[in-house]
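J.: I need the structure of the sequence given here:
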Amino acid sequence: MNILAIDTSNQVLGVAVVRDQQILGEIKTNLSKNHSVRLMPAIDQLMRDVSMTPQELDQIFVAKGPGSYTGVRIGLATAKSMAWALDIPVVGVSSLEALAYQGRFFNGYICPFFDARRGLVFSGVYEWKNGQAELVYEETNLLMADLLERLSKEGKPVLFLSPDIQIFRETIEQQLGEQAIIPELAFHVADASHLVLAGTKKQAEPTHALTPNYLRLAEAEAKWLKQQKEQQENE
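T.: A predicted model of the protein is given here:
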């Protein structure tokens with residue numbers, strides 16, 4: 001089974017090729033550059049490096065969000081286009097769940113999160129059980145202050161993982177103290193190959209039916225819906 005994994009859901013761009021649970025190759029960059037320009041060249045280079053053609057792929061795994069709206073769309077559009085052209089299944093995997101696999105040997109709660117601005121985060125809380133990450137708190141968009149308050153009441157050690165960890169590090173340490181575990185910065189960057197670990201037991205969706213998981217509307221879309229509602233109320 002040859003699998004291509006794609007993650008452009010945040011600033012990190014990651015692609016990996018996995019064959020029968022063995023990583024053949026992986027490319028990962030953590031740069032503020034345009035994913036739409038760099039993704040296909042990265043895939044092409046990786047496929048060449050592992051001496052594989054697209055026709056040899058059996059499945060594609062892709063990060064479907066939450067994260068950057070633009071980044072999520074780029075990854076999904078590429079994965080779906082390739083899956084449709086090659087007539088192979090595509091599996092969408094939560095970007096938060098894939099990041100949680102960075103803490104798969106941690107004995108406690110695992111809290112991956114992405115900055116959603118204005119004190120908000122995209123986050124879910126996981127715990128490693130039976131060889132996989134199981135949700136303790138559902139993934140949602142909420143205030144970091146509310147998340148930390150809830151975790152503080154649990155009393156369990158919590159491993160925080162995020163490419164945006166520096167934004168919230170002081171707040172986390174102040175509110176949770178020794179209960180909070182914040183590893184070295186390298187652990188906060190997801191590997192595309194973790195999409196395969198996280199998605200192995202997930203069912204592929206019809207290619208056209210796979211949609212982003214933004215966890216909230218884009219600001220422009222939210223404003224448009226609000227305007228439409230106000231117009232209807234005034235008619």
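J.: got a list of what the closest residue in space to Ala204 that isn't next to it in sequence touches?
T.: Distances taken as Cβ to Cβ, 6 or more residues apart in numbering put Pro89 closest to Ala204, at 3.4 Å, once the chain neighbours are dropped. C-betas here are computed from N, CA, C, even on glycine. When the contact criterion is Cβ atoms under 8 Å, 6 or more residues apart in numbering, the partners of Pro89 are 59-60, 83, 204, 207.
J.: and the residue sitting nearest the centre point of the chain, how far is that from Glu205?
T.: Nearest residue to the geometric centre of the chain (Cα atoms, centre = their mean): Ser95, 1.2 Å. Note on Ser95: its distance to Glu205, by Cβ to Cβ, to the nearest Å, is 16 Å.
J.: do Thr171 as well
T.: For Thr171, the distance to Glu205 - Cβ to Cβ - is 37 Å.
J.: quick one: buried residues of the helix or strand hosting Ser152?
T.: Assessed by DSSP states H and E, Ser152 sits inside helix 144-154. Buried residues in helix 144-154, counted by 16 or more other Cβ atoms under 10 Å: 144, 147-148, 151.
J.: what residues are up against the residue nearest to the centre of the chain?
T.: Per Cβ under 8 Å, 6+ apart, neighbours of Ser95: 7, 9-10, 63-67, 72, 114, 190.
J.: export the residues you listed to CSV and tack on neighbour count?
T.: Shown next, in CSV, are the contacts of Ser95 (neighbours: other Cβ atoms under 10 Å):
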residue, neighbour count
Asp7, 32
Ser9, 36
Asn10, 26
Ala63, 35
Lys64, 27
Gly65, 27
Pro66, 27
Gly67, 30
Val72, 26
Phe114, 23
Ala190, 30
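J.: and stretch 66-84, what's buried?
T.: 66-69, 71-76, 78-80, 82-83.
J.: how about the helices in the chain?
T.: Assigned by DSSP state H, the chain shows helices spanning 35-49, 69-86, 95-100, 144-154, 165-176, 193-199, 219-234.
J.: distance to Glu138 and pLDDT for the contacts of Ser95 - can I get that in a markdown table?
T.: Output for those, formatted as a markdown table (distance: Cβ to Cβ, whole Å; pLDDT from 0 to 100):
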| residue | distance to Glu138 | pLDDT |
| --- | --- | --- |
| Asp7 | 21 | 98 |
| Ser9 | 18 | 96 |
| Asn10 | 20 | 95 |
| Ala63 | 18 | 98 |
| Lys64 | 16 | 97 |
| Gly65 | 15 | 96 |
| Pro66 | 12 | 96 |
| Gly67 | 17 | 94 |
| Val72 | 19 | 96 |
| Phe114 | 15 | 97 |
| Ala190 | 20 | 92 |
